[in-house]
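Peer 1: Have a look at this prediction, sequence included:
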Amino acid sequence: MTKPAFIFRFLQTIALILLSLTIVMTLLGGAGTTCVAFRAENWDSMASLIPVKPVFQVLVFISIIAGIAGFFATIRLAKARKNAYAQVLLFLLIAGISSAIQFYFSATLRGKTAPNNMRLYITLVTLLYLLILRIPGIWGNMPFNQPSKHVSGLKGGGLAMCLSGLVTLTTPLWAAPTHIMDGYNTVNELFIPLMITSGILLLGGVSMLHSSRKTELNLNQAFKVSA
């Protein structure tokens, strides 16, 4: 493998990791907002958001749907499928706009934006990174743009999905500091959805790694036969 090829595969892996983290933050953001969107009156610290509950309720559904769509779009991108890049950008735009709206209301009414601020920042960084990769001198050499090299995408996507699954699995630990409301850790209310989401991500990641290995074996066998 030449050094330039390794560089572009590395850039691809970073993109898949960022996309996976954005998907996780989008799904968690949508699920986590349910407490405020439907029961803001139950938390003294969230009382100021009661007037915008309908807006937050819409954002919950948009975020969850966008996260699911982003999951499949990212898999298609890893496999170098046609129009996958455009689908990923659409996911990032929808996720970013919904997060920005929530950021605005939280900042103006509540005076605090955590933990949604991290979701917004990660989404914007991922969007910027994907746009940079589109530069002709870079994009023309990316495996994303070369279906014959989709095996590297499957590997990177599998690793990214597994990483995101682990991040989701440990959410009750690292998200606790920003989810304490009136002395209660609201992450506990999402324990089952978090476990289901992490399981899906881990299974998806392992499946992609298995597919990449299987494809490599088939290619090697075909090469030996032709030789």
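Peer 2: That came in fine, so what should we check first? Since the structure is predicted, the reported quantities are computational estimates derived from the model, not experimental observations. Numbers count the residues shown, from 1 in each chain.
Peer 1: Quick check, residue 85 in contact with residue 79.
Peer 2: No - with contact defined as C-beta atoms under 8 Å, residue 85 does not count as touching residue 79 (12.0 Å). Placement of C-beta: from N, CA and C, glycine included.
Peer 1: what stretches of the chain score poorly on pLDDT?
Peer 2: 1-4, 147-153, 176, 178-187, 189-190, 215-227 (pLDDT under 70).
Peer 1: can you give me the helices in it?
Peer 2: 3-32, 34-39, 53-78, 84-105, 116-133, 136-139, 150-169, 171-174, 191-226 (DSSP state H).
Peer 1: number of nearby residues for residue 120?
Peer 2: For residue 120, the neighbour count with other C-beta atoms under 10 Å is 22.
Peer 1: Out of the helices of the chain, which one sits most buried?
Peer 2: Counting by mean count of other C-beta atoms under 10 Å, helix 150-169 has the highest mean neighbour count of the helices of the chain, with a mean of 23.
Peer 1: which residues sit in contact with residue 140?
Peer 2: If a contact means C-beta atoms under 8 Å, 6 or more residues apart in numbering, then residue 140 has no contacts.
Peer 1: Ok, residue 157 next?
Peer 2: Listed by C-beta under 8 Å, 6+ apart, the contact partners of residue 157 are 16, 20, 74-75, 77-79, 205, 208.
Peer 1: Just put those in TSV and tack on distance to residue 114.
Peer 2: Below are the contacts of residue 157 laid out as TSV (distance: C-beta to C-beta, whole Å):
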residue	distance to residue 114
16	27
20	22
74	26
75	30
77	30
78	31
79	36
205	28
208	32
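Peer 1: so which of the residues you listed comes closest to residue 117?
Peer 2: Within the contacts of residue 157, the smallest distance to residue 117 is 19.6 Å, found for residue 20 (C-beta to C-beta).
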